[in-house]
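1. model this:
(one chain, ligands or ions: 1)
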Amino acid sequence: MLPANRLWLSEGAIGMLQSLRYYCQKTPRKLRICEAISHLEVGTKIKVQGWVRSVRPQKENLFLHVNDGSSLQSLQVVASSELNHRLLTFGSAVEISGSLVTSPSRKQEVELQADQIDVVGECNPVDFPFKIKEKHGLEYIRQFPHLRCKTNAFSSLLRIRSEATTAIQQYFKEKGFIQIHTPVLTSNDCEGAGELFQVEPAGQKKNQDEEGHQHFFSVPAYLTVSGQLHLEVMAGAFPGVYTFGPTFRAENSQSRRHLAEFYMVEAEISFTQSLEDLMKVMEDLFRSTTEHLLAQCPEDVALYHKHVSPGYRDNVDLMMKKSFNVITYTEAINILNSSSKKFAFKTDWGCDLQTEHEKYLVKHCGDVPLFVTDYPYALKPFYARDNEDQPLHTAAAVDLLVPGVGEMCGGSLREERLDLLKTRLAQAGLDETYGWYLDVRRFGSVPHGGFGMGFERYLLCVLGVDNIKDVIPFPRFSRSCPL
Ligand SMILES: NC(=O)C[C@H](N)C(=O)O
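-> As a prediction, this is how the structure comes out:
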């Protein structure tokens, strides 16, 4: 018997392995640009694939910069002028092999000395909307949702979004939350604000299917405005649950902070009776996600803090250094009413806070994130827990307002008391629709609460970007759904 840790190989197999090794040494290894510039592979033959970001032909040499989206930095490629080609233009897709060497220039540590350059996809520089050496603003590149991923700014944004997504998932995993895939199609209007997109099969007259049903699902179905109610169901069996997916609001708004389709992180926490518990999760989530971004994509974040919103890094550092502030809605109204600023919207007790109010409050309280708690009962949907206070009747709800944006998170303790919930639903004429929700309160109900964080608003807040359309791959808003 052969010892278990010894591998017996025939002579033939050894020969094959040897030629495989020889082949590997001769064949350039395919590397991502981020790996190539990391200096670890200097002295090896490599192949990269990517898109040309600059072309500089000189008498004897040709200099290129190639980017493949793996990092903000591009790889400098040096080739003999003989390898130049008329299709080698800004934006063209290329495959290049050669030797990775230490660069003689101080501008970069390594460069690729090319043996072979193949143009995989041409790009006519006259028609291409982005021009070499020109700095295009976010507003300009926004006109080309199908091409803007080829710009530095948007490529950075997409890497940041991807990292932030990972950080959020990691945060909840570490805290022991279970991820729930809440449905995109639903028959409930969780927020009760009527901003719903109704869903029916295309081309069906008067919403009737062949069997004569009124609707495909027998009941009207909508794109979800929030996964909250489905998370509340799951909070009946787990201590903490969350969801992170697209949500939809048919808001007829062209504002800089609204989208018809946006991503929301929502969490629901069982066995909690205090807004403090919710606020702690919101604050921790913000901090751990931001720390992760600053550590994992410093160059991409710096691009925004230097070129898009110069000096904004100081604002982020301030938010990270100071703890978030907390005031009640009633205190917020008092602050607004004692201000000399003229607001366009009313600031009477009972009125909803508008963006102008939210931004003012954040500034007034030190320009760090601000929790506003205990909103008027009448402003909140049926699920918000009644504080049973008088004469200013409030609900245990909380919003997190952030600098430059306003509301980023909204949450509440949920009304778990069956009798109070029944009365409220009956008053709103919703008791039949929400029979199942009452059931959830009947069978092993616990006090619980949760919140939702607008993912794009979070990105606005950490990057200092002004328009929400610039932090989502394909923005959808009223009168705009181009591809
Ligand atoms: N899950 C939440 O509490 C979020 C809340 N339903 C909202 O849409 O604002």
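
2. From here on, just use CA atoms for contacts and neighbour counts.
-> Will do.

3. Run through the helices of the stretch 251-400 of the chain in chain order.
-> 275-296, 298-303, 312-321, 329-337, 355-364 (DSSP state H, counting those that start in this stretch).

4. Ok, which of those comes nearest the ligand?
-> helix 275-296 (10.1 Å; C-alpha to the nearest ligand atom).

5. Residue numbers of this structure in contact with the ligand?
-> Glu191, Ser226, Gln228, Glu266, Gly410, Gly411, Gly450, Phe451, Gly452 (C-alpha under 6 Å from any ligand atom).

6. what helix or strand is Leu88 on?
-> Using DSSP states H and E, Leu88 sits in no helix or strand.

7. related to what we said a few turns ago, most neighbours out of the residues of the chain next to the ligand, which is it?
-> With neighbours taken as other C-alpha atoms under 10 Å, the top of the residues of the chain next to the ligand is Gly450, carrying 30 neighbours.

8. Let's verify the nearest residue in space to Pro57 that is not next to it in sequence: helix, strand, or coil?
-> In this structure, Pro57 finds its nearest non-sequential neighbour in Phe63, 6.1 Å apart by C-alpha to C-alpha, 6 or more residues apart in numbering. The three-state assignment at Phe63 reads strand, by DSSP: H, G, I helix; E, B strand; the rest coil.

9. what's the distance between Asp399 and His136?
-> Asp399 sits 36 Å away from His136, taking C-alpha to C-alpha, to the nearest Å as the criterion.

10. In this model Ala79 seems to touch the residue nearest to Pro57, though I could be wrong.
-> Yes - between Phe63 and Ala79 there is a contact at 6.6 Å, judged by C-alpha atoms under 8 Å.

11. And the pLDDT for Ile117?
-> Looking at Ile117, its pLDDT reads 98.

12. Any idea what it is bridged to?
-> Beta bridges link Ile117 to Ile96, judged by DSSP bridges.

13. Next, find the distance separating it from Leu64.
-> Where Leu64 is concerned, Ile117 sits at a distance of 11 Å (C-alpha to C-alpha).

14. Repeat that for Gly203.
-> From Gly203 to Leu64 the distance is 51 Å (C-alpha to C-alpha).

15. and the residue nearest to Pro57, what does it touch?
-> Contact analysis of Phe63 by C-alpha atoms under 8 Å, 6 or more residues apart in numbering lists Ser54, Val55, Arg56, Pro57, Gln76, Val77, Val78, Ala79.

16. Below-threshold pLDDT in the chain: ranges please.
-> 1-9, 13-26, 205-213 (pLDDT under 70).

17. Can you add neighbour count and secondary structure and give the contacts of Phe63 back as TSV?
-> Listed next are the contacts of Phe63 as TSV, based on neighbours: other C-alpha atoms under 10 Å; DSSP: H, G, I helix; E, B strand; the rest coil:
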residue	neighbour count	secondary structure
Ser54	20	strand
Val55	18	strand
Arg56	12	strand
Pro57	15	strand
Gln76	23	strand
Val77	22	strand
Val78	21	strand
Ala79	21	strand
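
18. Which one of those is nearest to Glu331?
-> Nearest to Glu331 among these: Ser54, at 55.7 Å, using C-alpha to C-alpha.

19. what residues are up against the closest one?
-> Per C-alpha under 8 Å, 6+ apart, neighbours of Ser54: Phe63, Leu64, His65, Val66, Thr89, Phe90, Ile132.

20. Bridged to it, which residues?
-> His65.

21. Please tell me how far it sits from the ligand.
-> 45 Å (C-alpha to the nearest ligand atom, to the nearest Å).

22. got it, and Leu420?
-> Distance from Leu420 to the ligand, by C-alpha to the nearest ligand atom: 19 Å.

23. Can you say which helix or strand has that residue in it?
-> Going by DSSP H and E, Leu420 is in helix 418-427.

24. List the buried residues in that helix.
-> Leu418, Leu421, Lys422, Arg424, Leu425 (16 or more other C-alpha atoms under 10 Å).

25. Repeat that for stretch 186-204.
-> Thr186, Asn188, Asp189, Cys190, Glu191, Glu195, Leu196, Phe197, Val199, Glu200.

26. Narrow these to those in strands?
-> Among these, the ones falling in strands (DSSP state E) are Thr186, Val199.
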